[in-house]
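Student: below are the sequence and a predicted model; questions follow.
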Amino acid sequence: MSAAKRTTACLLVALGALLIVMAALIPTYTLNRLAKTPLDLEITTIATSQPGEDSLVLDSRSLASPDGAAKIDTDVPIISQRFVTVEDPSGAAEMTIQAGQTLRRGDRDTAAGVLTASIDRVTIDRRSGEPVAANPNGSIAVTATKDGASVADPVQHVGLQYRFPIGTEKKTYPYFDLNARKTYDIDFIEETSIKGMRVYHFQQSIPVTDMWNVVQAASNKLTLPATKWGLEGDAPVTMTRYYTNTRDVWVEPETGTVVKGGERIHLYYARNGDKPDVTALKSHIVFDDKTVDSQMAVAQESIDKLSVFGRTVPIALGVLGVFAFIAGAALGFTGAANPARSQRNPNRNPSRPVPDPVGVHRATDDPVTEKIEILKNS
């Protein structure tokens, strides 16, 4: 085999082996980096009350009025808006998510229509979506100073909240509820589809929660005349605000993206949590179509990246590697199979006989011996 062919064969075999190794390693190496929540995350979600269903709101102005009982407005359009960003500290493995959320009535201007507002911060693992083990790992602000600055309370978050793990499974997960500031199970319900995208439906039930025990804010415990609560008599009656909820989320399982979400939220005042006296808020709010489409686009972009680097690129490299390896091996084998031919002297005349090795003569080739007589002088 010539030196050039030998070099080419070796290079092809080496290249083939390299490509095959790369095809095996790329899914693990690349997916470890792609299968994380991006640090440039910036998402706005909007959920609205569902037409044809109860949407009740306590008119706060009626509580301040000197006359008459508390008034409950019906068919109130409710809008829940959440803006999620990434804040410091954030890095390769962990990230801090900040979510500013407002719940307001859509029939009044922004300032007058706000029912609740909160700022939630939590540091999570970028792959699993679980909060980190640090204590505290987050904070929640629902009150503000006289100057309007939010007052954040340290809160230990446990369980999922803003996203599910990469490769979400059909099982029960712990899920943190912002209002109750507690973690409850969120159960897998079914596999279904939204606009052609495969999703997992999960549901969580929040039991009746005494909000005064969660946050001792003025609105969570009120003492007003009995008539204001719609009760008989003039004696003051203290009512506590209670909260319960049923939460539904639809998750794209490959990426853990929450494509759609909904809540059947119920806030009410009562002397006893088992028996509501006055409704504060009752509505079924669900992501609007624009939000669903936006979340689907986020999920699809991540799916495409995972598919390219997890399947397409490794398969292509593997095929090329096998071809290169086979071509190099075949070239080397073909050249090695005919070593004598490659060593022949191209200047030799094929009609001439090949001489025997030095020092060896065949008897049949020896010339005829002639006997010579030497005469002696007599």
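Tutor: Everything's here; your move.

Student: pLDDT weak spots in the stretch 101-250 of the chain?
Tutor: Within the stretch 101-250 of the chain, no range satisfies pLDDT under 70.

Student: strands of that one, start to end?
Tutor: 114-125, 138-144, 150-154, 173-177, 182-194, 197-210, 221-225, 236-252 (DSSP state E, counting those that start in this stretch).

Student: output the contacting helices and strands for the last one.
Tutor: Applying 3 or more CB pairs under 8 Å, 6 or more residues apart in numbering; DSSP states H and E, one finds that strand 236-252 makes contact with strand 173-177, strand 182-194, strand 197-210, helix 211-214, strand 221-225, strand 257-270, helix 289-307. Just so you know, the C-beta spots here come from the backbone N, C-alpha and C atoms, and that holds for glycine as well.

Student: what about 7 Å?
Tutor: strand 197-210, helix 211-214, strand 221-225, strand 257-270 (3 or more CB pairs under 7 Å, 6 or more residues apart in numbering; DSSP states H and E).

Student: export those as a markdown table, with columns for mean neighbour count.
Tutor: As requested, the helices and strands packed on strand 236-252 are exported to a markdown table (neighbours: other CB atoms under 10 Å):
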| stretch | mean neighbour count |
| --- | --- |
| strand 197-210 | 18 |
| helix 211-214 | 16 |
| strand 221-225 | 15 |
| strand 257-270 | 22 |
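
Student: and those: which comes nearest Leu63?
Tutor: Comparing those against Leu63 with CB to CB, the closest turns out to be strand 221-225 (6.8 Å).

Student: wait, which of the helices and strands packed on strand 236-252 is closest to His157?
Tutor: Once the helices and strands packed on strand 236-252 are compared by CB to CB, helix 211-214 is nearest, at 14.2 Å.

Student: distance of the closest residue to Gly262 other than its chain neighbours from Thr102?
Tutor: Spatially, and ignoring its direct neighbours in sequence, Gly262 is nearest to Val286 (3.9 Å; CB to CB, 6 or more residues apart in numbering). Per CB to CB, to the nearest Å, Val286 is found 17 Å from Thr102.

Student: which of the two has more neighbours?
Tutor: Taking neighbours as other CB atoms under 10 Å, Val286 and Thr102 compare with Val286 leading, 19 against 16.

Student: and the more buried one, bridged to which residues?
Tutor: Taking DSSP bridges as the rule, Val286 bridges to Thr48, Gly262.

Student: the chain should start at 54 in everything you say after this.
Tutor: From this message on, residue numbering opens at 54, which makes the last subject Val339.

Student: just list the residues touching it, thanks.
Tutor: Ala100, Gln103, Gly315 (CB atoms under 7 Å, 6 or more residues apart in numbering).

Student: go on, Ala333?
Tutor: With contact taken as CB under 7 Å, 6+ apart, Ala333 is in contact with Leu111, Arg294, Leu320, Tyr321, Tyr322.

Student: Tyr237 and Asp230 touch, don't they?
Tutor: Yes. Shown here, Tyr237 and Asp230 form a contact pair, counting by CB atoms under 7 Å, at 6.2 Å.

Student: common neighbours of those two, please.
Tutor: With CB under 7 Å, 6+ apart as the test, Tyr237 and Asp230 both reach Ile259.

Student: okay, and the beta partners of Ile131?
Tutor: According to DSSP bridges, beta-bridge pairing links Ile131 with Arg158.

Student: what sits against it?
Tutor: Taking CB under 7 Å, 6+ apart as the test, what Ile131 contacts is Thr101, Ser102, Ser108, Leu156, Arg158, Gly159, Ser336, Ile338.

Student: generate a ChimeraX selection restricted to the buried entries among those.
Tutor: Buried subset of the contacts of Ile131, written as a ChimeraX selection, criterion 16 or more other CB atoms under 10 Å:
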select :101,102,108,156,158,336,338
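
Student: now the contacts of Ile131 in JSON lines, with distance to Gln214?
Tutor: Shown next, in JSON lines, are the contacts of Ile131 (distance: CB to CB, whole Å):
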{"residue": "Thr101", "distance to Gln214": "21"}
{"residue": "Ser102", "distance to Gln214": "23"}
{"residue": "Ser108", "distance to Gln214": "25"}
{"residue": "Leu156", "distance to Gln214": "17"}
{"residue": "Arg158", "distance to Gln214": "25"}
{"residue": "Gly159", "distance to Gln214": "26"}
{"residue": "Ser336", "distance to Gln214": "21"}
{"residue": "Ile338", "distance to Gln214": "17"}
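
Student: which residues does stretch 318-330 contact?
Tutor: 261, 263, 275, 282, 292-298, 331-336, 338.
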